[in-house]
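1. what would the 3D arrangement of this be:
(chains A, B, C and D)
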There are 2 protein chains.
Amino acid sequence: MSALRVLLADDHEMVRDTISAFLENQGEAAVTSVSDLPAILKILDTDTGFDLVLLDYNMPGMNGLEGLKKVLSAAPGIRAAILTGSAPNRVAQEAMDAGAIGFLPKTLSAKSLINAVRFMAAGEPYVPVSLMTEDPEPETHPLGQQLSRRENQVLERLCRGLSNKEIARELELQEVTVKLHVRTLCRKLDARNRTQAALIAKEAGLY
Amino acid sequence: MSALRVLLADDHEMVRDTISAFLENQGEAAVTSVSDLPAILKILDTDTGFDLVLLDYNMPGMNGLEGLKKVLSAAPGIRAAILTGSAPNRVAQEAMDAGAIGFLPKTLSAKSLINAVRFMAAGEPYVPVSLMTEDPEPETHPLGQQLSRRENQVLERLCRGLSNKEIARELELQEVTVKLHVRTLCRKLDARNRTQAALIAKEAGLY
DNA sequence: ACCAGACCTATCCTTTCGTATAGGAGCGGG
DNA sequence: CCCGCTCCTATACGAAAGGATAGGTCTGGT
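-> Next up is the predicted model:
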């Protein structure tokens, strides 16, 4: 069996070492590992012959899925997958939409990892079933709840820590009206108060 | 060489598998691994003969360093170390103060990991020098403004969007006292209200 | 014309937050 | 020993937030 060539990027050296050791011990793959996105791009600049690229979602230079897009445009047609510790399944969907060949939460067992790598290197998309079967966004990111124009404006200011009065002034509204929108926002975002709403929006990367 | 007995707890199966595989492949240790704190406590209930216990900092049941304390009281004298992905070095200090034998950021190389485990199992405290040499909190933010222990506890709860009353209950304090800490926090973080304080802390990656 | 939905405002009321002021307990270093 | 620091508590008051109810306007679609 010819060994697969895997390019791995993760800022945790421990993760790099253990994953690459695992893949190589199985005689499954030859792993090249680096610690940030620029390093990946530099390598792809001269060598695009990898069977698979694994990208840590939280990593210097990644900036969400921006890094994925950069990789894909640096090496069109290459198979790139996202690797992440905390796995909000909305991100998985977005990653696939952005052209990833797979999405690997670090909660995955080592055995599954090997399988996943094999799949993806063969051009087969891989996402853990658990992520796909769970409802789209039950809890953390009710972004499916699309917000109205006003609500978005209010939410943006909420994320700057402004008071109702300040928001009212900026939007030329009455304070009561702002309260109304804040209340609606809290309901839609499943937050118990403005602080949680702001935190949730921030976490979701909305603002 | 008699193999060391290591007890590992991490909710990421991948981390469990890779770390244990690594330690065992080197003939260094026999690893028992579980996925949460209750499981650890249950095991220690009948078997305290481990040379080292590794605890993921972010893990079901851990609740910060509470889990560490539970482990230490469940098996007095046992050597327990904290394992964490994101490593604010303040936590390292707190962990050591709380009685940990070591503190391992996951950014550690596998080789260093082996060494660290060897050290700690021998009763030698281990903390990466990088964490100790770096100034306490040189962070991006006015986190140079050292926060006291209490303030940190309050801030963490602020970042969960809790009300003063709820925070008071969790910390067994009076609501007024919490208000005091919140006010101090706002000053130190240069925030105008609790929401901004929470956002700033979040942004700085503190919680 | 009618209805539905988003949007804005008002009044009223309770709870929470934020701030100020004034202490006291405990601990470490000069 | 006193000083400074952290920590906890108390009382009090105005400001802000949160919730309920009851309207109103304007829009687009049927």
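2. pLDDT of the helix ranked longest in chain A, averaged?
-> Determined from DSSP state H, the single longest helix within chain A is helix A:175-189. Per-residue pLDDT over helix A:175-189 has a mean of 89.
3. any chance you could list what contacts it?
-> Contact with helix A:175-189 is made by A:142, A:145, A:147, A:150-151, A:154-155, A:158, A:164-165, A:167-168, A:171, A:191-194, A:196-197, A:200-201, as judged by CB atoms under 8 Å, 6 or more residues apart in numbering or on different chains. Where you see a C-beta, it was placed from the backbone N, CA and C, and this is true even at glycine.
4. how about stretch A:103-119?
-> With CB under 8 Å, 6+ apart as the test, stretch A:103-119 has contacts from A:4, A:6, A:15, A:19, A:22-23, A:26, A:28-29, A:52, A:54, A:81-87, A:91-92, A:95-96, A:102, A:125-128, A:131, B:11-15, B:17-18, B:21.
5. again with stretch A:154-168
-> Contact with stretch A:154-168 is made by A:147, A:170-171, A:173-175, A:177-179, A:181-182, A:185, A:194, A:197-198, A:201-202, A:206-207, B:191-193, B:195-196, B:199, as judged by CB under 8 Å, 6+ apart.
6. any idea how far A:Glu66 lies from B:Gly85?
-> Using CB to CB, to the nearest Å, A:Glu66 is found at 21 Å from B:Gly85.
7. these two - which one has more neighbours?
-> Neighbour count, other CB atoms under 10 Å in any protein chain shown: between A:Glu66 and B:Gly85, B:Gly85 has more, with 21 against 12.
8. can the helix or strand just after the longest helix of chain A be found next to DNA strand D?
-> Sequence-wise, the next helix or strand beyond helix A:175-189 is helix A:194-203, with elements assigned using DSSP states H and E. Yes. Using CB under 7 Å from any atom of the strand, helix A:194-203 reaches DNA strand D at A:194-195.
9. skipping adjacent residues, who's closest to the residue of chain A positioned farthest from its centre in space?
-> Distance from the C-alpha centroid of chain A peaks at A:Gln174, with 37.9 Å (CA atoms, centre = their mean). Closest residue in space to A:Gln174, ignoring its immediate chain neighbours: A:Ala168 at 6.1 Å, by CB to CB, 6 or more residues apart in numbering or on different chains.
10. for the one you found, what is the enclosing helix or strand?
-> Using DSSP H and E, A:Ala168 falls in helix A:164-171.
11. and that helix, what's its mean pLDDT?
-> Averaged over helix A:164-171, pLDDT sits at 88.
12. get me the contact residues on chain A for chain B.
-> A:11-15, A:17-19, A:21-22, A:25, A:85, A:106-111, A:113, A:158-161, A:163, A:191-196, A:198-199, A:202-203 (CB under 8 Å from any CB of the partner chain).
13. go with 6 Å
-> For chain A, the residues in contact with chain B (CB under 6 Å from any CB of the partner chain) are A:12-14, A:17-18, A:22, A:85, A:106-110, A:161, A:194-196, A:198-199.
14. out of these, which sit inside helices?
-> With DSSP H as the criterion, helices contain A:13-14, A:17-18, A:22, A:110, A:194-196, A:198-199 from among the residues of chain A next to chain B.
15. could you save those as TSV and add columns showing neighbour count and pLDDT?
-> Shown next, in TSV, are those (neighbours: other CB atoms under 10 Å in any protein chain shown; pLDDT from 0 to 100):
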residue	neighbour count	pLDDT
A:Glu13	19	82
A:Met14	24	79
A:Asp17	21	85
A:Thr18	25	82
A:Phe22	23	78
A:Ala110	20	73
A:Arg194	25	93
A:Thr195	24	93
A:Gln196	19	90
A:Ala198	29	91
A:Leu199	25	89
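16. nearest to B:Ala39 among those residues?
-> Of all those, B:Ala39 sits closest to A:Ala110, with 19.1 Å by CB to CB.
17. nearest residue to the closest one other than its sequence neighbours?
-> Closest residue in space to A:Ala110, ignoring its immediate chain neighbours: B:Asp17 at 3.5 Å, by CB to CB, 6+ apart.
18. in contact with A:Tyr124, which residues are there?
-> Check again: residue A:124 is Glu, not Tyr. Applying CB atoms under 6 Å, 6 or more residues apart in numbering or on different chains to A:Glu124 gives no contacts.
19. surely it is within a strand?
-> No. According to DSSP: H, G, I helix; E, B strand; the rest coil, A:Glu124 belongs to no strand; its state is coil.
20. pLDDT score for it?
-> On pLDDT, A:Glu124 comes in at 75.
21. give me every residue in chain A lying close to DNA strand D.
-> By CB under 7 Å from any atom of the strand, the residues of chain A that approach DNA strand D are A:163-165, A:175-176, A:179-180, A:182-183, A:186, A:192-195.
22. so stretch A:154-167, near DNA strand C or not?
-> No. Stretch A:154-167 does not reach DNA strand C (CB under 7 Å from any atom of the strand); its nearest approach is 8.2 Å.
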